[in-house]
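1. coords please:
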Amino acid sequence: MSSNSHAGRPASWVAVTVIMVGFVLGGFGLPMGNWVLFWAGVGVVVVGGLLALFADIMSDVVLAEQRQ
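-> Purely as a prediction, here's the structure:
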C-alpha cells in the first residue's frame, strides 16, 4: 500500500460492505416488523465484524504527515 493512500485494502472494503449490507437488511426488517429479516441483518453485521477483525482493518489507518 502506498504511504499516502487512504483507500484501504480490498479485504477491508469487503468487510465494510458486508457490515453495511447487514445494517440495511436490519434497517428494512425493523420498521416492517419482520423480525426474521432484522435478526438476519444483525447476524450479517456480526459476520462482517468478524471479517473486519480477521482482516485487521484498523491497520489500514494512514496518519497524515505533519505540515510545517
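2. contacts, neighbours, all on C-alpha from now
-> OK.
3. How about the residue nearest the centre of the chain: what's its closest non-neighbour residue?
-> Residue closest to the average C-alpha location in the chain (C-alpha atoms, centre = their mean): residue 16, at 2.1 Å. Nearest residue to residue 16 in three dimensions, chain neighbours excluded: residue 48, at 6.8 Å (C-alpha to C-alpha, 6 or more residues apart in numbering).
4. before we move on, what about residue 12?
-> Using C-alpha to C-alpha, 6+ apart, the nearest residue to residue 12 is residue 57, at 5.3 Å.
5. Tally up the residues packed near the one you found, please.
-> 18 (other C-alpha atoms under 10 Å).
6. The longest helix seen in the chain - contacts with which helices or strands?
-> Looking across the chain with DSSP state H, the single longest helix is helix 10-32. Helices and strands touching helix 10-32, by 3 or more C-alpha pairs under 8 Å, 6 or more residues apart in numbering; DSSP states H and E, are helix 35-55.
7. can you pull the buried residues of the helix it packs on?
-> 37-45, 47-49, 51-52, 55 (16 or more other C-alpha atoms under 10 Å).
8. farthest-separated two in those?
-> The two members of those with the most space between them (C-alpha to C-alpha) are 37 and 55, at 26.4 Å.
9. okay but the residue nearest to residue 16 is in contact with residue 13, surely?
-> No - applying C-alpha atoms under 8 Å, one finds residue 48 not in contact with residue 13, separated by 10.4 Å.
10. and stretch 60-68, average pLDDT?
-> Stretch 60-68 carries an average pLDDT of 68.
11. where's residue 60 relative to residue 37, distance?
-> Distance of residue 60 to residue 37, computed by C-alpha to C-alpha, to the nearest Å: 32 Å.
12. do the same with residue 8
-> 30 Å.
13. Surely residue 35 touches residue 27?
-> No - using C-alpha under 8 Å, residue 35 makes no contact with residue 27, being 10.8 Å away.
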